[in-house]
Structure formats: C-alpha cells, structure tokens
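[1] kindly return the folded structure for what I paste below:
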Amino acid sequence: MIEVEIPGRGQFRLAHAVFDVNGTLALDGELLPGVAERMAALQEKLTVHMLTADTHGRQAAIDAALGMQAMIIKRGAVEKSAYVLQLGADQVTAIGNGANDALMMQTAVISIAVLGPEGLAVPALTAADLVAASITDALDLLLNPRRLVATMRR
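    Residues are numbered from 1 along each chain as shown. Got it, this is the predicted structure:
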C-alpha cells in the first residue's frame with residue numbers, strides 16, 4: 001500500500017496500480033527498458049494489474065518477462081473502467097497513454113498519462129492528474145510518492 005497526503009487534495013491510500021500495456025509499458029509488443037525492474041519494485045507496494053488488447057500478439061512474452069499475467073480485454077475503454085471500479089476506484093492509480101485509457105483514468109483516484117514513444121492521446125492527457133515524460137518516470141513517481149506530493153499539491 002502507498003499512503004500519501006497531498007495538500008489541497010487529501011489523503012490517498014493506494015492498493016492497486018492498473019496499467020495499459022501497449023504504448024505505456026511496451027512499444028510494438030516489446031517491453032520498454034527499465035520497466036521490468038521498476039514493476040518488480042512496485043509489486044512490493046501495490047497489487048499491479050495489466051490490461052491489454054494484445055494488439056501485437058506478444059503479451060505472453062511480456063507476461064513472462066514481468067512474472068505476471070495481463071488481462072486481455074475486448075471492449076476497450078468501458079472494460080478498463082469497469083475493472084478499476086471493481087478494484088475500488090478510490091484505491092487505484094491508473095497509468096496509460098491511449099484514448100481507450102481515458103475513462104479508466106477518470107475513474108481512478110490518481111491517474112498518470114505517459115508521453116512515450118507511441119505518443120499520448122489527447123483524451124488520456126485531459127483525463128490525467130499528471131503527465132510523465134516516460135513510463136520509467138511514471139513508475140518512479142509511484143516508487144517515490146513524495147514526488148506525487150510535489151507535483152499534485154495545490
């Protein structure tokens with residue numbers, strides 16, 4: 001669990017992190033550098049979930065590299081948001097970059113949009129609480145929650 005108080009925003013108790021895979025954790029079906037190590041460290045603090053349509057058909061390799069299994073989704077934005085609600089949105093941080101991530105990002109209590117090599121869809125940008133320049137930066141925000149305070153306080 002990550003507990004953090006953000007002045008002007010309140011107290012947060014995060015238990016889950018929900019990630020989009022392609023464009024966020026991976027590019028063209030390949031895990032981005034630095035992700036595996038940070039995801040392993042994050043799993044010591046939060047229950048980590050991955051949601052994907054497996055666009056590139058390489059999710060099994062990503063699952064093996066991370067030692068976890070993604071949920072394959074069919075209905076995109078609606079299914080991602082429902083997943084966050086099922087976990088308890090007030091305990092979820094959602095991380096993504098695509099237009100189909102925007103609804104889950106609006107649903108989660110804290111959301112991080114990732115501007116990665118695949119780009120960042122405007123709906124995800126406007127749904128986010130903050131934007132990270134890369135997935136490793138986004139993961140580092142969660143691994144060092146005082147950085148969330150520095151960025152999100154009002």
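[2] how about T151, phi and psi?
    Backbone geometry at T151, expressed as degrees, to the nearest 10, gives phi -90, psi -40.
[3] let me fix that: S111
    According to degrees, to the nearest 10, S111 has phi -130, psi 140.
[4] and the nearest residue to G119 once chain neighbours are set aside, how far from I112?
    Once flanking residues are discounted, G119 sits nearest to N97: 7.0 Å by Cβ to Cβ, 6 or more residues apart in numbering. In short, each C-beta sits where N, CA and C put it, glycine included. Remark: distance between N97 and I112 (Cβ to Cβ, to the nearest Å) = 10 Å.
[5] need phi/psi at the residue nearest the centre of the chain.
    Nearest residue to the geometric centre of the chain (Cα atoms, centre = their mean): I95, 2.1 Å. Per-residue torsions, I95: phi -130, psi 130 (degrees, to the nearest 10).
[6] what pLDDT is listed against it?
    Per-residue pLDDT puts I95 at 98.
[7] and what of Q11?
    95.
[8] from memory it sits against E5, does it?
    Yes. With contact defined as Cβ atoms under 8 Å, Q11 reaches E5; the gap is 4.9 Å.
[9] those two: who's more crowded?
    E5 (11 against 8; other Cβ atoms under 10 Å).
[10] from R13, how far off is the more buried one?
    If you go by Cβ to Cβ, the gap between E5 and R13 works out to 10 Å.
[11] so who does the nearest residue to G34 once chain neighbours are set aside touch?
    What sits nearest to G34 in space, not counting adjacent residues and going by Cβ to Cβ, 6+ apart, is T136, at 4.3 Å. Applying Cβ atoms under 8 Å, 6 or more residues apart in numbering, we find T136 in contact with 32-35, 38.
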